Every structure is written in structure tokens, then in C-alpha cells.
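In: give me a model of this one.
(chains A and B)
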Number of protein chains: 2
Amino acid sequence: MTEPDAAVTSDHPADPRLAQALIDATAGRFGNTRSKLRALGDEAPRPPRTALGVEAYRDWTDEAMQWVAGTGVPALGFPPEMGGTGDYGAAVTGFEMLGHGDLSLTVKAGVHWGLFGGAVANLGTERHHHLGRAIIDGSLPGCFAMTETGHGSDVQSLLTTATYDPATDELVVHSPSPAARKDYIGGAARSARMAAVFAQLVVDGESEGVHCVLVPIRDENGEPMPGVTIGDCGAKGGLTGVDNGRLMFDEVRVPRTNLLGRYGDIDDQGRYHSPIESRGRRFFTMLGTLVRGRISVAGGANAASRSALEIATKYAEQRTQFTAPGTDTEVALLDYRTHQRKLLPRIATAYALIFAQNDLVSMMHDVQSATGLDEAAQRELETMAAGIKAYATDFATETIQVCREACGGAGYLTANRLVVLRADTDVFTTFEGDNTVLLQLVAKSLLTNFQRSFGAMDTIEMVRFGSRTVADQVVERTSVRGLVQRFRDVWSDALPFTDRLEQVRLFTDRETHMLEGLARRLRRAGDPGEDAFAIANSAQDHLVATAVAHVERNVLESFIAGIEGAADADARHLLERLCDLFALSTLEKHRAWYLEHDRLTPDRSKALTATVNQLCAELRPQARTLVEGFGIPNRWLATEMMGAEAV
Amino acid sequence: MTEPDAAVTSDHPADPRLAQALIDATAGRFGNTRSKLRALGDEAPRPPRTALGVEAYRDWTDEAMQWVAGTGVPALGFPPEMGGTGDYGAAVTGFEMLGHGDLSLTVKAGVHWGLFGGAVANLGTERHHHLGRAIIDGSLPGCFAMTETGHGSDVQSLLTTATYDPATDELVVHSPSPAARKDYIGGAARSARMAAVFAQLVVDGESEGVHCVLVPIRDENGEPMPGVTIGDCGAKGGLTGVDNGRLMFDEVRVPRTNLLGRYGDIDDQGRYHSPIESRGRRFFTMLGTLVRGRISVAGGANAASRSALEIATKYAEQRTQFTAPGTDTEVALLDYRTHQRKLLPRIATAYALIFAQNDLVSMMHDVQSATGLDEAAQRELETMAAGIKAYATDFATETIQVCREACGGAGYLTANRLVVLRADTDVFTTFEGDNTVLLQLVAKSLLTNFQRSFGAMDTIEMVRFGSRTVADQVVERTSVRGLVQRFRDVWSDALPFTDRLEQVRLFTDRETHMLEGLARRLRRAGDPGEDAFAIANSAQDHLVATAVAHVERNVLESFIAGIEGAADADARHLLERLCDLFALSTLEKHRAWYLEHDRLTPDRSKALTATVNQLCAELRPQARTLVEGFGIPNRWLATEMMGAEAV
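Out: Numbers count the residues shown, from 1 in each chain, chains lettered A, B, ... in the order given. Okay, the predicted model is just below:
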């Protein structure tokens, strides 16, 4: 589409200096990788703007994978002993940047280097290090065969078996039923030569639980290996360039040493050993090391949300609709309150998520770089990764849809990319953990911590303690130590909504109260004679809402801490207003809860909405600067309606 | 996908007798057409389950159009003088039924017969009746060229001109700028031979406002006519079978008689005449006659929502996830509260929308069958059509997405249709009127009526009167006259949420209060010295919310009235519970408003959520029966995961 009306120009151009200051302020610990990939923008493969057929898109993606290998980003994610550089945080940041481009490519890269490569790196032992080079340079394309037709989220119940045969010193990998078929496996349909297969390991007639085994699935000519049946999931809602497929194993034999045995191995005498006694803990430890996948999905979702917001915001500046009463001037879409409401709070949340993701990646880098396993830190990382993944992907689904609608008919054309972003990210709420399941994991982990800390306290003590703990954390992170006393003094008084500590108080109070209520409700589930399923099930919506409250409070804290790090005063000022808008639009969304729990009076609740409207109007002139501050390379972003030609 | 686990069977099979009773209860005034199309289900073209390329899908759609012509449905929608039967309500109901199948076909049919044919029928005069036969049998494929690149919702500002040239007795159709290009026009890219072009009519140097002119755009060989430049919008987010295109006119000449002149014509002497003096009223009258398009889009959206709900509900019955604590039994998805919450309130809303759509279609049939124009009835119809269109299409967008996510990875496969339904209906919120714009139209129309009725009353009188009026309407429609007194007596007391009149009271109260507030806010806009745009703009979110409240109240009323018509006692009983769930989940969504306005106490608000949860659990065993009660032909619905083979 050409410019709708060339005569109309925006009164609110971007401020390039300020946009750059925003880019700098949000760069995070691995900002060098961001800059490096941004500089590559012009030579990066541009996402197809036309609808490619399934096979053509797969071809495009495979070719683009070679370009990714050449950027050096994949090597960042592997330890030196596999030929990498051990810059885990930088690797994840690099994949997040790729997410501003084509998402089939991002996901395919994530499957091969992140999931398949990650399984070898994190679950394998020295004997698998030699695979590093071929994984890093892409010459051994792999896939990650976990999900089965019958079991997705419930990985512990997978049906595929890997049975040790001492006679031949081999593992026999087998799919005992149609429900055991590996399904939706990215890379399986066409490109992968090796699969990291998750299966119930059976040694000496004893089931040792789910382990991961490397199984060659195609020979050098691309033909399926004997006993391996490969299917194609065919066309999907999006991610057309990713060749999702299905795998069935008919007693496929691989050497015993193909077991990725870091957390459970079979020795030369055919005996099973594990450094972790408990089967449950062993399983969750293995799964835990794969946390990078979830973090990468969150990063990709965030990148896609930003792309959509930049496209829709620029359209809303150039597109006019109706004349103002009594004038001949057509009004730009973004001057309408309903349109501001659609885009500006979401731009604010997108900024919040940049900081939250930076913190998450930084935490991940430290945990995965440490020598030895810090179980508490690992658990905290997993909880945060699950929560941010669910929050970021739900946000992307909803935001990209709003952006499509905000661009009307133009938004529906493939050439303008929004529908592609929407279709590609759709499944992000499902893969690497269904969001509803993940949020329950988050809440359960919070409950565990809560019960450990508060077992002996009464309710009022608990709430007070919880609030104080969180307040201390924020204060510590934001280095505003002088505010501690004030924070405690005013705890029970209502401050203006734009007071940062009042925002933190409201977020924290909600989380703590919900968690406490949840603990009380679920306490009964363990009692004799109680129907544990019925009790847990009836609290399921409460569980999910508590997890969201927890994630939101953490995202707010990351935003607050992130602003502290901004060097430029103007950028900091703008980020302060954005943080207000994120905080208040989030509170507004949950205002029924605050009213129901007497945390807001009706008048204050109405004032919240008025404040959000006012913040939208205040930030509106900066909208272009804000989206340019995302720092998305133009070549990746460009759409037909922004004047780019279709490729 | 095969059945995930053949060993698991549902404990809650459908009750075929009750399902049939639901089908009968929801059949509506044009139920014969529903039955007829349902009976055709087996011979109807089955929606493609694989991703067809753009041209292949267009071919499929064109072929299927011939099948539609053969069903006799199109003839229902035309007056006898054009060769039709004048069964307007039946025609719209027929297209709604088609919406259970392929939506590219439904939209293409809607464009040709509904929009193009409708323009000729409603805006044309006797001299255009001869076109009826070729339109009805599909041998003269047409398109509806209204939207331009620069103007969509603001139709009055279109830039294309049609200038009368007395020298040749012709109209000269012209696109003066790139912004005047006709854009996103269904049928234009490939199939249409004639376009109904909306343009500013200029006669004798005088602009008479937007009128519609028939312009041949392709010759018999499919080549563009001289002066007509045709473009292709290319791939879109969905509706791949519809060939959306672009039209530019370079002084294209057509006979004067090609003007569709019912509301404004040029006589043999070259003089312009119109039966409607006011240019504004003339324009809105013309547009008003095209209301059937919006009603059809709502019907198509509703059909798609039902398809998605049936697919997701059946999957949730067969798919298990995790074992219940202390057992070996895997739990069906639909036994989880979070899953019930996703599907059951939406099934209830889908039923509510069946009744609301039946009422809307019936009203449309009466208005369009009447001799002479009843302006008040026409305005009421337009308001209701705009409101239901916006509500139904927003509901479809959100519901189909939830259904996709509820089916996990299986939901993402094209073979399982959800992603296709989602992609195809995406643009329904945009075409035939952007929803945000439509809801503002609804609210403005309510304001006009409101100010007309209540100009002289004070606020309290207004609210009382408004409530009474609505109460009277409901009581009249539901024939529960005996309840009137009780209704008035208890007006200010809290009844149980499951009391029908309490539900109506809560819905009505919200609408009335919002409308009154809006009137007060906007009154200032006309005062001298006030910035009318700023005042209106600051109330824009209030305007939109008021319109939604109005639509919801009407949908509830239609549901209540619809239940009265159900012959079967069991069906009526089930519908009563569904109506509760629709009403209470809607109230729950808006509970912040009720709390802010002291209509609900915090405790009552919490009880609302508990009641919704309880209703979900109560209705869960009937879920299969409820979706079978939609009466969707199996051949149209069948997906790979339900055992159907891909075509």
C-alpha cells in the first residue's frame, strides 16, 4: 500500500537522539550482541513479504540458517569444550534480536541450536562433546523429540521407551502405541538428521524415568534410518518455514553411549547410575537445564510484539480518519483516544518486558555459567522463566491482534507483515510449555517457598512479612535506600497513583494476599478424606491469577531497576512516564480485584482510569520516538505500507 | 492427528434427542432454510483441510460459487422483479449456514450476491432489473467498490468522482489520486466483470455526494476494460480464496443509466433529482439499505465461533492431561476448571448470539419487505446491526483464538481447521465497518433517541424512566406480564444472581447509567467556545463502552425471549442455565463497573465469580450435547483430529 494521503504529515516526528538514548537505556548486560546484530540488519535475510508455499518457505529458512551460523551467534551458546564461547546470555540475546526478523527462522534456529544443541550440551557428557562443531556450524541438523501425540505438558508420562539390551550394549528405542508417536517436532519433517529423543529408560527391567537419547533419524542422503517412520505435520497456522514432523520408532537400536547421561547413565557393566537419588528430582533437574528454550520463546515473542507496535504506531501517525468538527483537517488515528488506548499502554508494557527479559537472561547466564548446581537459584530461574514466557507470549498474541485491527484492511495484507507476526507467534503460548500449565507451575513454586517461610506464622504476620520482604527487594534493587523509611511509614495511606512506591505497594499487596489465600485453600487438600483433585481443581483459576500477579510484580520491579540504569536524563524521564503507564494500566485491568478486596475505593478506581487516559495523551506526541527506541533494523521491519517493496 | 489415546472414552456422551431439541429451539423464523442447508451438508463443497496456494484456493472458491448458485439460496435474497423470491431473512440465514463451511466461499458469495447484487437491488431502479438473472445465477460476477486506499470508514469523504457529461450522456468515472484507488475489493483481482463503484457524483459542476455507478471492469475474455487498472492485493492473513484487488479509473465512460439512481438520479434532460432533499440524509439512506452486509458478517462470525467451539469441546473431552492425585486415571481437559472457564461461558454466549441474530434477521426481513420506508424502524435496524456485528465479530476473534490454544499443538495444524477459522474471521472486525467506528455509531444513535425522549427530565427521572422503559420491553417480549409488579417492587433489592429479572436489572441499569453520563458529558460539546473535538474525543472510550452495554442488554433480551419459544422442556431447562451463564459471565466481566458504581458490594462481586464457576461445573456434563445442538453438518466440521482425512 502507498501512503494513504501524501498530503498529511505527522506533527509528531521522532526525536532520533532520544530514540537512541532509549536504545542505549534498554540494551542490557548483553547490549554488545544487540548492537552487533543490529549492524548486521542490512545483510540479514529479509522476512518474505509474500505468502510462500510450504516447501518454498522451508527452503528459504534452511538457507537463512546458514546465514545465522555465519553470524557467530550460535557459538555463543555452547561451552568451550564443545567449541563454543560460553556466552549464554549473549546467545539468547542474539536470538531475541533475530526475532525482529523472520520468526520461522528464529524458531528453526532455536530448535536446532537451542533445544537440540542445548540437550546435548546440558544433558550429555564428555563423550558427546565431539558433536559440538557439527551442531554449531549447522552441518548436523537436529531436532528435539519430546512431545508425543498423547502427552505434551505431562512429560513424565511419555510412552516412548529406550530399553537397554546388555547383549549388544545398545539401547532399543521404541514407540509402543500411536499415542507414543513424537509429534509437532520442528525439523523432523525434512531437515533433521539426528533427534534428541525423550523416552522412558529401562535398564535391567527397571524403569528409571524419562531420559534423553540421541537417535540418528536420517542418513546422509536424507532417507529415514531403518525402523524410523517420519511423517509431516503439513501446513500450520504459521511458522510455515519450520518443518514440523512426526516420528515413530520400531525397535531402533543405537549404541548405549548415545544416552545423554549427565543425570543418569549406564556404565560399561550395564548398570544404571545417577548422581541424583530421587527419580522425581532427577527428572526435574534434567528438565530444568533446558530452561533456555522458554527464555528464548519469551524473547522472540517480545521482539514480535515490538515489531507489531512499531508498524501499527507508524500507520496510526500517517493514516487519517474523519475530519474534526468544524474543520477540514482529517484527524490522525493516533489522535483518537480509543486508538491511543490500543497502542500506548502496550508500548509501555513492551518496554517493561525488555527490562524483565534482560533481568531474566542475566539471571540465566549466571546460573548456567556457575560451576556446580545452585538448586535454589535454578528453581528461582525456572519459576521466573515459566512466568515471563507465559506473560510475554499472551501479551504478544493479544497485542499483535490489536495492532492488526488498528491497521484495518492494510493490516490484513501479508505484505504488511502483521498477519504473519500474528500467525507465527500464535503457537508461542503452547510450545515450550502451555501457558495455563506454566502459570500453575509458577504458583506451585511460590506456594512451596511461601509455606517454607511462613509455616509458623499467622495470617497477619504472613502478609506483613511478605510485603516487607518484597519491599526490601525493590529497595535493594533500585538503590533508593533513603526511601525505605518513608515506604514503611506510608504503607497504609493512599499515595498518588504516579508514586512509584504506591504502585509497588498495590502490586505487592495483591500478590501476597492471593498467595496467602491460596495457601489456606490448598492446605486442606492433603487432609485424609478430602478429595485432593476437587480441592486443587476448584482453586485452579485462583492459582493462575496468583502466578500472573507474581509475574507482573516482578516485571514492574525490573522496569524500576532498569530506569535507574538509564544514563540519559531525557530517556529516564520518558521511561518514568512509561513505567507509570505500564503500572497503572495493569492496575486498571485488575481494578475489580482491588475493589473487591477494599484496596481501592470506587472513586479511586475511577481516578485510575482517568490517569491512564491522561498518561496516554501525554505520551502520544512521543509515540514515534518510543517505537524507534525499540531499535528494530529497518530492513527487517519494512512493510509495503511503509513503502518497502515486496520480495 | 489420530485419537490421542484410544483407551480413554468420555463419560459424558452427547444426548442426541436433547441436541435435536436444541437445534429446533434455536432454528428461528427461517428455520426451514437452516434445515434445507443442513440436509445439503453432504454434497456441499468441503472446506480444504490443506494449505492451498492463493490461485488454487481462488479456483476452488470460484467452482464452489457455482454450487451455491445451484442451492437456490441466492434467489431468496432478490425481489421478484429481479427474478428472486424476496425471502430476505431466509437468504441471510442461508449464508449464515454456509458460514459453518468454508469462509472464503461465504465471503465471496456475500460480496457477489449480497454486496454487489444488494447494491443493484436496493440502489438501482427498474432499468437495472434485467441484470437480476445474471447476478443470481452467477454468470455476471460483480464486486463492491466502496473502500479506497485513503478512506475506509469515512465513506462520505471518498475521492473517486463520477462526472456527468451532457455532451455524450455519459458518466465519467475517475480516480484523481493514489488515495482514491479502490482497495481490498473482493472479486476485483480476478473474477469480477462489473463493479458497483461508489463515487462523488458531479452534475453540472455541482457535487451531489456519494452515489453508486455500475462500471464494467473486465471484458468477456477477462481483460481489463479500457481505462481500468486492476491490481491484486496478493496474499492476506486469511480468506485466501477471495481475490481482493485494487481498481483505478482513468476517465472511464459509462452510460448515464448505469447510475443506480433510486435515491438520486439524472433525468433525460441531464438534471439531477432526488426524493431526499438533505444530502446527509440521502447518503445515510443509501448506506442504510446496504445493512444486510453487516448482518451477514455477524452471521458468518457466529457460525465460525460455533465451529471452533465444537472442535475444541470435542477435543477437550477426548484429550487427557496428567493423572488425578492418588490415581492412575488421566483427567480429560474439560474436567479442569481453567478449561471449563475457557469453553463453557463462550458456548453460552454462542447460544445467546444465535437468538440475537435470529431477532436481528427477523427485524431486517420485516423492514426490507415493507412497502415504503419506515425511517424509525430502519434506524433501529441499522443500530442493532452495527452493534451485533461488532459484538459478534469481536467474540469470534477472541473465541476462536481461545479454542486454538485449548487444543494445543493439534490446534495449530491446518488440518484441524481452527487456525483457518481464526485467520479467515480476523478481518471481520474490520470489513463492513471497523468495530470501533460501528460502536460509536451505535452510541450516537442511542444518544439521539435518549435526548429526544429525556430532554426535559432531570437526571433521576431519566434513569427511572429509562429503566422502566426497558423493563417494559422485556416484560412484553417475554410475555411474563405477571412479573411486572414484582420487578418494580424489588428494583432496589438484591435478588439471587440466577434470578432472570435481577440479571436484566443489572444489565439495564448499567446501560442506562452510562448513557445518561455520556449525554451529560457531551452536552457541553455544542457550547460556544468549547473544543468540540476534544470533548468528544475524551468521551470516546465511554461511548464505545456504552454501545457494548446496549448490545449486551439486547442480546440478553433475545436469549430470554428465545427460551420462551423452546417447545421441549429439557431443552428449555438447559437453555435457562446457559442464559444464566451468559448473563453472569458478562456481569463478571464488567464487575469493576458495578463495584465502582456501588451496584455490587465486594462480597456480592466475589459471589458472582463463584456462581460462574459453579455453572460451568454444572453444565460441563452437557458440553457435547450443547455443541451438537449447534447443528453443524459433520462434513463441514470434520477435522483430522476428529478422524477425518485431509482433502
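
In: can you tell me what sits against stretch A:29-48?
Out: Defining contact as Cβ atoms under 8 Å, 6 or more residues apart in numbering or on different chains, one finds that stretch A:29-48 is touched by A:24, A:27-28, A:57, A:60, A:63-64, A:67, A:71, A:73, A:76, A:87, A:89-90, A:92-94, A:97-98, A:101-103, A:105, A:358, A:361-362, A:365, A:417, A:420, A:631, A:633-636, A:638, A:647. C-beta coordinates here come from the backbone N, C-alpha and C atoms, glycine included.

In: weed out the non-buried ones from those residues.
Out: With neighbours counted by 16 or more other Cβ atoms under 10 Å in any protein chain shown, those contain buried members at A:24, A:27-28, A:57, A:60, A:64, A:71, A:73, A:76, A:87, A:89-90, A:92-94, A:97-98, A:101-103, A:105, A:358, A:361-362, A:365, A:417, A:420, A:631, A:633, A:635-636, A:638.

In: which among those are in contact with chain B?
Out: Under the cut-off given by Cβ under 8 Å from any Cβ of the partner chain, chain B has residue A:420 from these close to it.

In: just the buried ones among the contacts of stretch A:29-48: which are in strands?
Out: With DSSP state E as the criterion, strands contain none of the buried ones among the contacts of stretch A:29-48.

In: quick check: next helix or strand after the helix or strand of chain A with the lowest mean pLDDT?
Out: The element with the least model confidence among the helices and strands of chain A, by mean pLDDT, DSSP states H and E, is helix A:484-489, at a mean of 43. Next helix or strand after helix A:484-489 toward the C-terminus (DSSP states H and E): helix A:500-523.

In: buried ones in that following helix, by neighbour count?
Out: Buried residues in helix A:500-523, defined by neighbour count with 16+ other Cβ under 10 Å: A:500-516, A:518-519, A:522.

In: average pLDDT across that helix?
Out: Helix A:500-523 shows an average pLDDT of 93 in the prediction.

In: extract the CA atoms of the helix or strand just after that helix and return them as CSV.
Out: From helix A:500-523 onward toward the C-terminus, using DSSP H and E, the following helix or strand is helix A:532-538. Listed in CSV are the C-alpha atoms of helix A:532-538, where the atom choice follows Å, rounded to 0.1, in the frame of the first residue of the first chain:
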residue,chain,number,x,y,z
ALA,A,532,-7.4,-33.7,46.7
PHE,A,533,-8.3,-33.3,43.0
ALA,A,534,-11.5,-31.5,43.6
ILE,A,535,-9.9,-29.1,46.1
ALA,A,536,-6.9,-28.3,43.8
ASN,A,537,-9.2,-28.1,40.7
SER,A,538,-11.6,-25.6,42.4
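
In: now helix A:532-538: buried residues?
Out: Within helix A:532-538, the residues that qualify as buried by neighbour count (16+ other Cβ under 10 Å) are A:532-533, A:535-538.

In: all strands of the stretch 1-150 of chain A, in order?
Out: All strands of the stretch 1-150 of chain A, identified by DSSP state E, counting those that start in this stretch, fall at A:142-145.

In: ditto for the stretch 201-350 of chain A
Out: Per DSSP E, counting those that start in this stretch, the stretch 201-350 of chain A has strands spanning A:206-216, A:228-232, A:244-249, A:252-255, A:265-266, A:272-273, A:320-323, A:330-332. These are given in chain order.

In: of those strands, which approaches chain B most closely?
Out: Distances from chain B to each of the strands of the stretch 201-350 of chain A were compared using Cβ to the nearest Cβ; the minimum, 4.9 Å, belongs to strand A:320-323.

In: what's the closest one packed up against?
Out: Packed against strand A:320-323 by the contact rule (3 or more Cβ pairs under 8 Å, 6 or more residues apart in numbering or on different chains; DSSP states H and E) you find strand A:330-332.

In: and the pLDDT at the nearest residue to residue A:622 once chain neighbours are set aside?
Out: When the adjacent residues along the chain are set aside, residue A:622 lies closest to residue A:574, with 6.3 Å between them (Cβ to Cβ, 6 or more residues apart in numbering or on different chains). You'll see residue A:574 listed with a pLDDT of 98.

In: gap between residue A:574 and residue A:13?
Out: Distance check for residue A:574 against residue A:13: by Cβ to Cβ, to the nearest Å, it reads 15 Å.

In: same check on residue A:312?
Out: Applying Cβ to Cβ, the value for residue A:312 to residue A:13 is 18 Å.

In: looking at those two, which one has more neighbours?
Out: Using other Cβ atoms under 10 Å in any protein chain shown as the criterion, residue A:312 and residue A:13 rank with residue A:312 on top: 30 against 12.

In: I'd say the more buried one and residue A:399 touch.
Out: No: taking contacts as Cβ atoms under 8 Å, residue A:312 lies outside contact range of residue A:399: 9.1 Å.

In: tell me how far residue A:429 lies from residue A:391.
Out: Distance from residue A:429 to residue A:391, by Cβ to Cβ: 11 Å.

In: same check on residue A:433?
Out: Noted for residue A:433: a distance of 13 Å to residue A:391, by Cβ to Cβ.

In: equivalent analysis for residue A:597, please.
Out: In this structure, residue A:597 and residue A:391 are 22 Å apart, going by Cβ to Cβ.

In: off-centre distance for stretch A:303-319?
Out: In terms of Cα atoms, centre = their mean, to the nearest Å, the gap separating the centre of stretch A:303-319 from the centre of its chain is 21 Å.

In: mind saving the C-alpha coords of it as CSV?
Out: Output of stretch A:303-319 as CSV, limited to C-alpha atoms (Å, rounded to 0.1, in the frame of the first residue of the first chain):
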residue,chain,number,x,y,z
ALA,A,303,10.5,-8.9,19.6
ALA,A,304,7.4,-9.7,17.6
SER,A,305,5.3,-7.5,19.8
ARG,A,306,7.7,-4.6,19.3
SER,A,307,7.6,-5.1,15.5
ALA,A,308,3.9,-5.1,15.5
LEU,A,309,3.7,-2.0,17.7
GLU,A,310,6.1,-0.1,15.6
ILE,A,311,4.2,-1.0,12.4
ALA,A,312,0.9,0.0,13.9
THR,A,313,2.1,3.2,15.5
LYS,A,314,3.7,4.5,12.4
TYR,A,315,0.5,3.7,10.5
ALA,A,316,-1.6,5.5,13.1
GLU,A,317,0.6,8.6,12.6
GLN,A,318,0.2,8.7,8.9
ARG,A,319,-3.4,7.4,8.5
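
In: that one near chain B anywhere?
Out: No: Stretch A:303-319 lies out of reach of chain B by Cβ under 8 Å from any Cβ, never closer than 8.7 Å.

In: and what of stretch A:166-179?
Out: Yes: using Cβ under 8 Å from any Cβ as the criterion, contacts between stretch A:166-179 and chain B involve A:178-179.
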